[in-house]
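Q: have a look at this prediction, sequence included:
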Amino acid sequence: LDDGVLNTYFLQWVDDKDPILSDLAHRFLDRVPLKSARITDQTRSLLPELKQLVAEAGFDSEYYTAENDSYDLPYDAYDPTSKKPRTQIELMQSDGSLVELSTVSDLVRAISGKVSRDERFFFPKEMLIDSNESLFTDTFEAFQAHIKNNII
């Protein structure tokens, strides 16, 4: 599958009789992605309530909510004894000798060996609307009460 094939299917799915498939295809093609907020260990217990609020606003929470954990080790020096040894980046000096990148870059040394973690909860951006004219104003306000600065 390539982008052309997938885009062809998304174009067909926009007119599908399944309203969820049609809406999700529309969101993809028209670049209306789901919003997200960071989850912490202390706020993870709020996710069932947030999913319920999404459902109360008329979205199927099975398809319109998701959780994602991403971990990254931006750079780590080569260690042949580790379970997954990484290829080290070496720079050639003017005399032809090689030096490992983190020994000559303060920036790389600062991030070397440090794992970053980003856990997120995804939901429809409509949950963040600021409207008093909606039937779901109370639901939206209850949902928004749990989010501050994109963190749950």
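A: Done, it's in.

Q: can we go C-alpha only for contacts and neighbour counts from here?
A: OK.

Q: so is the residue lying farthest from the centre of the chain in a helix, a strand, or just coil?
A: Ranking residues of the chain by C-alpha distance from their mean position (C-alpha atoms, centre = their mean) puts D95 at the top, at 44.5 Å. Secondary structure for D95, judged by DSSP: H, G, I helix; E, B strand; the rest coil, is coil.

Q: next: F121.
A: Here F121 is recorded as strand under three-state DSSP.

Q: can you report how many residues lie near the spatially closest residue to it that is not a sequence neighbour?
A: Closest residue in space to F121, ignoring its immediate chain neighbours: E67 at 4.6 Å, by C-alpha to C-alpha, 6 or more residues apart in numbering. Residues lying near E67 (other C-alpha atoms under 10 Å) number 14.

Q: hang on, E67 in a helix?
A: No - under three-state DSSP, E67 sits outside any helix and is assigned strand.

Q: gap between it and S134?
A: Counting by C-alpha to C-alpha, to the nearest Å, the separation of E67 from S134 is 27 Å.

Q: ok, G96 next?
A: 68 Å.

Q: just want to know which of those two has more residues nearby.
A: For G96 versus S134, neighbours defined as other C-alpha under 10 Å are more numerous around S134 (12 against 8).

Q: helix/strand/coil for that one?
A: What three-state DSSP gives for S134 is coil.

Q: so D118 sits right up against A37, yeah?
A: No - using C-alpha atoms under 8 Å, D118 makes no contact with A37, being 10.0 Å away.

Q: comparing these two, which shows the higher neighbour count?
A: A37 (19 against 13).
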